[in-house]
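> Just a sequence and a predicted model for now, questions to come.
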Amino acid sequence: MNFLRKNIITPPLIVQKLFRGVMFKNKRNKVILTIDDSGNNPSQTLKIVDLLQKHRLKAIFFLNQDNSLKFSQTIKILNKNSQITANHCLNHSSIFLKKYSYQENQILANGNKFNSNYFRPPYGRFDHNTLKICTKQKLKLMLWSLFTYDFLKDIELSKKIIANYLKRDSIAVFHDNFKTEKIIIDILEYFIDFTQKKGYEFEDFKT
Ligand SMILES: [Zn+2]
């Protein structure tokens, strides 16, 4: 694993300290499972939700809505199963260094449809305008401390990353998009099993 990847898997402490308002890990010392890019592939989302139900787990699903029909089907599946839904921008284009108005539209046009105020910008890239919008809209910007690279479709690599980087307060990222179709269930099974064997708890989102 090269230097760049290591810094993406877990953003360096200096970055975490620089952006205190951004969530990189869970202060409640429980593992948070997050799933990005949902909203385009409801049948895959359903498989993920079934797996979570089997283990009685909750995850935060960050959604885009390129296709409004598929988006609403996905939201329905997640709400029915009491999963957490959150904003990942209207579509998946980067908002980093884009004009304030562009960013606001990407965020707001996708808003008000979720049962949480978590927000994750596409690719995890944000700037001072993004932070301003989050403050104004009372959105909680959530990044991660365990980026699993599941979309590379190399299940052994993702397993290695999980085994090396998982901590009891990790915010872990997986992807519910077409790239991960063949491996998402297997890698999630591994992740859940590994976390439980370590004796770590999953966040239940109860107050
Ligand atoms: Zn994404």
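Perfect, I can see it now.
> From now on I want contacts and neighbour counts done on CA atoms only, so please keep to that.
Will do.
> pLDDT weak spots in the protein?
1-4 (pLDDT under 70).
> mind checking which helix or strand Lys132 is in?
Per DSSP states H and E, Lys132 falls inside helix 128-137.
> next structured bit after that helix?
strand 140-141.
> Quick one: the strands in the protein, in order.
Under the criterion DSSP state E, the chain carries strands at the ranges 32-38, 60-63, 84-87, 118-119, 140-141, 146-147, 171-175.
> re earlier: quick one: contacts of the helix holding Lys132?
Here helix 128-137 makes contact (CA atoms under 8 Å, 6 or more residues apart in numbering) with Phe96, Lys99, Tyr100, Gln103, Glu104, Leu139, Lys140, Leu141.
> Including distance to Leu108, could the strands of the chain go into TSV?
TSV is the format used below for the strands of the chain (distance: least, CA to CA, whole Å):
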stretch	distance to Leu108
strand 32-38	17
strand 60-63	13
strand 84-87	9
strand 118-119	11
strand 140-141	14
strand 146-147	26
strand 171-175	22
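> Is there a neighbour count for Ser68? I'd like the number.
By the other CA atoms under 10 Å criterion, the neighbourhood of Ser68 contains 12 residues.
> Relative to Gln83, how far out is it?
Using CA to CA, to the nearest Å, Ser68 is found at 19 Å from Gln83.
> How much space separates Ile185 from the ion?
18 Å (CA to the ion, to the nearest Å).
> got it, and Asn40?
Separation of Asn40 from the ion (CA to the ion) stands at 12 Å.
> check contacts around the residue nearest to that residue when sequence neighbours are not counted.
Nearest non-adjacent residue to Asn40, counting by CA to CA, 6 or more residues apart in numbering: Lys70, 5.5 Å away. Residues near Lys70 by CA under 8 Å, 6+ apart: Gly39, Asn40, Asn41, Pro42.
> Who are the contact partners of the residue lying closest to Asn117 once chain neighbours are set aside?
Excluding its sequence neighbours, the residue lying closest to Asn117 (CA to CA, 6+ apart) is Leu139, at 5.0 Å. Leu139 sits next to Asn117, Tyr118, Phe119, Ile133 when contact means CA under 8 Å, 6+ apart.
> which residue ranges form the helices in this structure?
3-9, 13-18, 42-54, 68-80, 100-108, 128-137, 155-165, 184-198 (DSSP state H).
> quick revisit: list buried members of the contacts of Lys70 by neighbour count.
The neighbour-count test (16 or more other CA atoms under 10 Å) marks Gly39, Asn40, Asn41, Pro42 as buried among the contacts of Lys70.
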